[in-house]
Each structure stands twice: as structure tokens, then as C-alpha cells.
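Undergrad: heads up, no residue letters with this:
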């Protein structure tokens, strides 16, 4: 499997969870510490950290540690992978529609 | 969890696999039977059927059976869920940028 496809897999997996999507929404307001983020969710910190690691490992967020505080930052550019995939599908559909229209035109001209 | 969020979960899970994305691409060319689709992939039919069922259960494809042939059709509208989610995040970022710009303007006026 090529790298692009693998990256898409991991980004889509990361997005397939309401807690992780909520963290992405929160980080849209700017960087936040794991502690600040975690207390919004009814789960233990280790469970929350698993979500943070899933988001980090696919590149949707970056984290950095200063002393005891780990700060999370959203990487908006990473979501462009999803945009690009959708745009690719759309281009494919449009190319097909163009071919069908051409076929109809040719048939009409022949008729 | 609300229904919209659950629907997003299932669509993102379905998209997180290269075979399922390839089937979506193929069905962008128009409906195809499971048999026609399956022979493009190096896996046994039961494994391929699992992918078909995952795509069908989240609504990305519909299937119908006529005699022994099951035909799959892409539901492009279902991908709009992903578009809408991305658009929602983007609106959220833009609203934040607007607030920041307003803050800077107010600070400059006060200074």
C-alpha cells in the first residue's frame, strides 16, 4: 500500500470518533494543554491520552511538552488530505459525466 | 451520542480502508455487480463482501439483488456528510480569525 493511502487510512480512523472530532473542534480555537482538553470529557486521563495519541500519530495534531504540561496544536493542513480525496472523487465523477455527454452528442449527430 | 455523530463515525470508518475507497472510486463510473467489483481485489469473496456490507451499512452504497446478481450503486450524497463536517470546522476557524481581527482592531483603536 502506498504512503498516501496509508496516511488517508490513519486520518479517517482518527476522524471516526466523536471525542477526537470534539478535540479537533476545541483545538480550532487555538492550542490547549492535555489537562485543559481532558476535563471536558467523561473519561479517565489514560483513555483520553489514547485519543490524543491517535490524533498525533496521524498528524492531525502536534504536541510539545514543557515541564509537566503537554500542549496540543491542531494541524489544519492535515485535514486537506480529506479535502483532496473528496476533490479527486468529484473530478472522477465529472470526467464520467463529460464522457457521457460526449457520447450523447455523438449519438445525436449520427442519428 | 446523537444520530449525526454516529453517522459520521460509520462513514469515516468505511472510508478508512483502501479497498473500500477503491470500490467507491469504481462505483463512481456507475453501478456494478459484486462479482464485477470483487475480481479486481486479491481476496476471497466473503472478505470482499464484508467491505460491501460496511459500505452499505453506513449508506455510502446501496445494493439490490436480481436473481443471483447483487448490484451496488454509489450514493454520492452520502459523501456530503464529510464535506459538511469539513465545512463546519472551517467556519469555526474563520469565526475565530474574525474574533481575533476584531480584538486587534479594538486594541489599536484604544492605543
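TA: Thanks, I have the structure now. Bear in mind the structure is a predicted one, so any value in this text is a computation, not a measurement.

Undergrad: for chain A, which spans come out with low pLDDT?
TA: For chain A, applying pLDDT under 70 flags the ranges A:1.

Undergrad: Is stretch A:91-102 positioned near chain B?
TA: Yes: with Cβ under 8 Å from any Cβ of the partner chain as the measure, stretch A:91-102 is seen reaching chain B through A:92, A:93, A:96. Yep, even glycine has a C-beta here, placed from its N, CA and C like the rest.

Undergrad: and the angle from the helix of greatest length in chain A to helix B:76-110?
TA: Longest helix in chain A, counting residues (DSSP state H): helix A:76-110. Computed by axes from the mean of the first three to the mean of the last three Cα atoms, to 10 degrees, the angle separating helix A:76-110 from helix B:76-110 equals 130 degrees.

Undergrad: any idea how far helix A:76-110 is from the chain center?
TA: Centre-to-centre, helix A:76-110 and its host chain are 22 Å apart (Cα atoms, centre = their mean, to the nearest Å).

Undergrad: Quick check: buried residues in that helix?
TA: A:78, A:79, A:81, A:82, A:85, A:86, A:89 (16 or more other Cβ atoms under 10 Å in any protein chain shown).

Undergrad: same question, stretch A:29-46
TA: Buried residues in stretch A:29-46, defined by neighbour count with 16+ other Cβ under 10 Å: A:32, A:34, A:37, A:38.

Undergrad: Quick check: of those, which lies closest to chain B?
TA: Set against chain B, the nearest of the buried residues of stretch A:29-46 by Cβ to the nearest Cβ is residue A:32 (12.9 Å).

Undergrad: List the contacts of that closest one.
TA: By Cβ atoms under 8 Å, 6 or more residues apart in numbering or on different chains, the contact list for residue A:32 reads A:26, A:71, A:72.

Undergrad: could you redo the last one with a cut-off of 6 Å?
TA: Contacts for residue A:32 were tallied using Cβ atoms under 6 Å, 6 or more residues apart in numbering or on different chains; they are residue A:72.

Undergrad: Need phi/psi at it.
TA: Main-chain dihedrals, residue A:32, degrees, to the nearest 10: phi -150, psi 150.

Undergrad: between the buried residues of helix A:76-110, which is nearest residue A:56?
TA: The closest of the buried residues of helix A:76-110 to residue A:56 turns out to be residue A:78 (Cβ to Cβ; 10.7 Å).

Undergrad: wait, doesn't the closest one sit right on residue A:60?
TA: Yes: assessed by Cβ atoms under 6 Å, residue A:78 is found in contact with residue A:60 at 4.9 Å.

Undergrad: Output the buried residues of helix A:76-110 in CSV, with distance to chain B appended to each entry.
TA: Listed next are the buried residues of helix A:76-110 as CSV, based on distance: Cβ to the nearest Cβ, whole Å:
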residue, distance to chain B
A:78, 12
A:79, 7
A:81, 11
A:82, 6
A:85, 7
A:86, 6
A:89, 6
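
Undergrad: Is the closest residue to residue A:43 other than its chain neighbours within a helix or a strand, and which one?
TA: Counting by Cβ to Cβ, 6 or more residues apart in numbering or on different chains, residue A:43 lies nearest to residue A:19, which is 7.5 Å off, once chain neighbours are set aside. In this structure, residue A:19 sits in helix A:18-27 according to DSSP states H and E.
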